[in-house]
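> the following comprises the amino acid sequence and a computationally predicted model.
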Amino acid sequence: MRFSINIPNFGDFADAKNVASVAAATEEAGWDALFIWDHVVWRKPTKKTFGDPWMLLTAAALATTGIKLGALVTPVARRRPHQLARQTATLDNLSGGRVIFAAGLGGPIEDEYGSFGESTDQRVLAERLDEGLELLDRYWSGEPVTHLGQHYQVHDVTMLPTPVQRPRMPIWIAGRWPTRRPMRRAARWDGAVPLFHSAPHGHNPPVEEVRDLVDYIREHRDAQQGNAFEVVVGGASPASTAKARDLLGPLVDAGATWWDERHPIDGNEIDQIKPVLRRIQQGPPAI
């Protein structure tokens, strides 16, 4: 199992200097990755300060040399795939091939889409997500792309430079279990980042649900895709080594390959740098 730190892109973490400090501390303390949210608005009445996730990740890349970096998760349907391909390839080159790309519908949908007059029809957004992912895969190849799709058109475009990672950077797909369709989508790519209806962000997922999810994905994986597939679960791990083993050991047995350390979404510390740094400096859980 590998271990990551998860922070939002608002509050204290809207400041790229703070994110650079967090990234450096994450690497120094022995964690494997830093992941940042990708929101333009979130809980609008709170009027929080936001930073662009790709600018924040650029600061993180410049402050580190080894940890993986990415956004959990990018709503492809509200971005232009060609611009997203350029941003991610640039960051992958800057970081020396350390970017993980995670995608989903995003949300809250009324905030993230409806606020800007865009469709809030989840069927349409899912179509744009799937079509956008296929385009990203083709753009990152460095080969000429012509595409006449339902939502996007491309006329003989070659995106260079390609990402450092070949054949492309890993693609993880998010969804809320037990909804099946996002996990079928994940099975076509390289990893799954599930949230659980029974466990909000920052709360530890039930082992039996993780096991059911992993079994479901395995059923839908093409045998030719091989066995390399990541399952990312997260929550707040206990400081005690024995308690951390009790929490994470069964999740590893259930098929989880990453633990993403998260402050609870219903707490008041999720966007504050001091408590996040305290947890980072304690180091990843020992199992």
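Alright, I've got the coordinates.
> shaky segments in the stretch 151-287 of the chain?
Within the stretch 151-287 of the chain, the ranges that satisfy pLDDT under 70 run 223-227.
> try 50
Within the stretch 151-287 of the chain, not a single segment meets pLDDT under 50.
> now the strands for it?
Using DSSP state E, counting those that start in this stretch, the strands of the stretch 151-287 of the chain run over 153-157, 171-177, 191-196, 230-235, 258-261.
> now render the ones you listed as JSON lines, adding distance to residue 139 and mean neighbour count.
In this view, the C-beta of every residue, glycine as well, is placed from N, C-alpha and C. Converted to JSON lines, the strands of the stretch 151-287 of the chain look like this (distance: least, C-beta to C-beta, whole Å; neighbours: other C-beta atoms under 10 Å):
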{"stretch": "strand 153-157", "distance to residue 139": "8", "mean neighbour count": "11"}
{"stretch": "strand 171-177", "distance to residue 139": "13", "mean neighbour count": "21"}
{"stretch": "strand 191-196", "distance to residue 139": "20", "mean neighbour count": "23"}
{"stretch": "strand 230-235", "distance to residue 139": "22", "mean neighbour count": "23"}
{"stretch": "strand 258-261", "distance to residue 139": "26", "mean neighbour count": "23"}
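> which one of those lies nearest to residue 63?
strand 258-261 (18.6 Å; C-beta to C-beta).
> helices or strands up against that closest one?
strand 2-7, strand 230-235 (3 or more C-beta pairs under 8 Å, 6 or more residues apart in numbering; DSSP states H and E).
> any idea which of the strands of the stretch 151-287 of the chain gets closest to residue 78?
strand 171-177 (14.2 Å).
> what residues does that closest one touch?
The contact list for strand 171-177, computed with C-beta atoms under 8 Å, 6 or more residues apart in numbering, reads 72-73, 100-104, 133, 136-137, 181-183, 185-186, 189-197, 209, 212-213, 230, 232.
> buried subset of these as a PyMOL selection?
Here is the PyMOL selection string for the buried members of those, based on 16 or more other C-beta atoms under 10 Å:
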select buried, resi 72+73+100+101+102+103+104+133+136+137+182+183+185+186+189+190+191+192+193+194+195+196+209+213+230+232
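> now the longest helix along the chain against strand 153-157, angle please.
Longest helix in the chain by number of residues, with DSSP state H as the criterion: helix 122-140. For helix 122-140 against strand 153-157, the angle by axes from the mean of the first three to the mean of the last three C-alpha atoms, to 10 degrees is 0 degrees.
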